[in-house]
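1. starting from these lines, generate the structure:
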Amino acid sequence: MDSHQVNEDKDVWVYPWGSSIFSSHKVYKSLVGHSVVHPTYKWLWKSNCQPKHKVFFRLLIKDRLSTRNNLRRRNMALDSYNCVNCILSLEESVNHLFITCPFAVMCWSLIGVTIPLDGIFPDIVAQIKDQLNSQFFMDAIILTCWVIWSARNDLIFRGIQRN
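-> Okay, the predicted model is just below:
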């Protein structure tokens, strides 16, 4: 006799969370897991800025903006990979353009912020938050970065010098 017996019961779908009831929320949690998210991302999406500014800033903190450094990494040939906002002849990276460039330092000082020169951008945002001590700190950070980016783009694409 065969030791394996066929069971005539109907098959039942059971999801990883132990239920036969589908939930898109539970699928998402199961696939993504419970990752720790830096508070900067929460502050970003709760800010009062326009969606285009929020998307821009997300690209900035993920180092996905089309800075000259990122374009070089994507094998795009440019005449120069140096920052156009300053005369230091340093490669334009997110860190340089928004933190260490003299133009960026001047922009931050106009809103009363001294940028720490080390750390990852989300951590720097947390330090700026402490300096600004305002409920609108994230709006100020995002829009200051937008102004720096816009000045850079105006110079590159329109030839408009900043004043």
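2. following the helix or strand of the chain with the lowest mean pLDDT, which helix or strand comes up?
-> Here the helix or strand of the chain ranked lowest by mean pLDDT, DSSP states H and E is helix 24-32, holding a mean of 79. The element immediately downstream of helix 24-32 (helix or strand, assigned by DSSP states H and E) is helix 39-46.
3. ok so, going back, buried sites along the least confident helix or strand of the chain?
-> Buried positions in helix 24-32, judged by neighbour count with 16 or more other Cβ atoms under 10 Å: none. C-beta here means a position set from N, CA and C on the backbone, and glycine is covered the same way.
4. try stretch 127-136
-> Buried residues in stretch 127-136 (16+ other Cβ under 10 Å): 128-129, 132.
5. residues contacting it, please?
-> The contact list for stretch 127-136 (Cβ atoms under 8 Å, 6 or more residues apart in numbering) reads 43, 48, 108, 111-116, 119, 137-138, 140-141.
6. please apply the same query to stretch 36-55.
-> So stretch 36-55 is contacted by 57-58, 61, 121-123, 125-126, 129, 136-139, 142-143, 146 (Cβ under 8 Å, 6+ apart).
7. buried stuff in it?
-> Buried-residue list, stretch 36-55, by 16+ other Cβ under 10 Å: 40, 43-44, 47, 49, 53-54.
8. turn these into CSV, columns for pLDDT and distance to N69.
-> What follows is these, written out as CSV (pLDDT from 0 to 100; distance: Cβ to Cβ, whole Å):
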residue, pLDDT, distance to N69
T40, 94, 21
W43, 96, 26
L44, 96, 22
S47, 96, 26
C49, 97, 25
H53, 98, 22
K54, 97, 23
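9. and the one helix or strand A140 maps to, C-alpha only, in PDB?
-> For A140, the element it lies in under DSSP H and E is helix 137-153. In PDB, the C-alpha atoms belonging to helix 137-153 read as follows (Å, rounded to 0.1, in the frame of the first residue of the first chain):
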ATOM      1  CA  PHE A 137      13.000  74.500   9.200                       C
ATOM      2  CA  MET A 138      12.500  72.000   6.400                       C
ATOM      3  CA  ASP A 139      10.900  74.500   4.100                       C
ATOM      4  CA  ALA A 140      13.900  76.800   4.600                       C
ATOM      5  CA  ILE A 141      16.400  74.000   4.000                       C
ATOM      6  CA  ILE A 142      14.600  72.700   0.900                       C
ATOM      7  CA  LEU A 143      14.200  76.200  -0.600                       C
ATOM      8  CA  THR A 144      17.800  77.200   0.200                       C
ATOM      9  CA  CYS A 145      19.000  74.200  -1.700                       C
ATOM     10  CA  TRP A 146      16.600  75.000  -4.500                       C
ATOM     11  CA  VAL A 147      18.000  78.500  -4.800                       C
ATOM     12  CA  ILE A 148      21.600  77.100  -5.000                       C
ATOM     13  CA  TRP A 149      20.500  74.600  -7.600                       C
ATOM     14  CA  SER A 150      18.600  77.200  -9.600                       C
ATOM     15  CA  ALA A 151      21.500  79.600  -9.600                       C
ATOM     16  CA  ARG A 152      23.800  76.800 -10.800                       C
ATOM     17  CA  ASN A 153      21.400  75.900 -13.600                       C
END
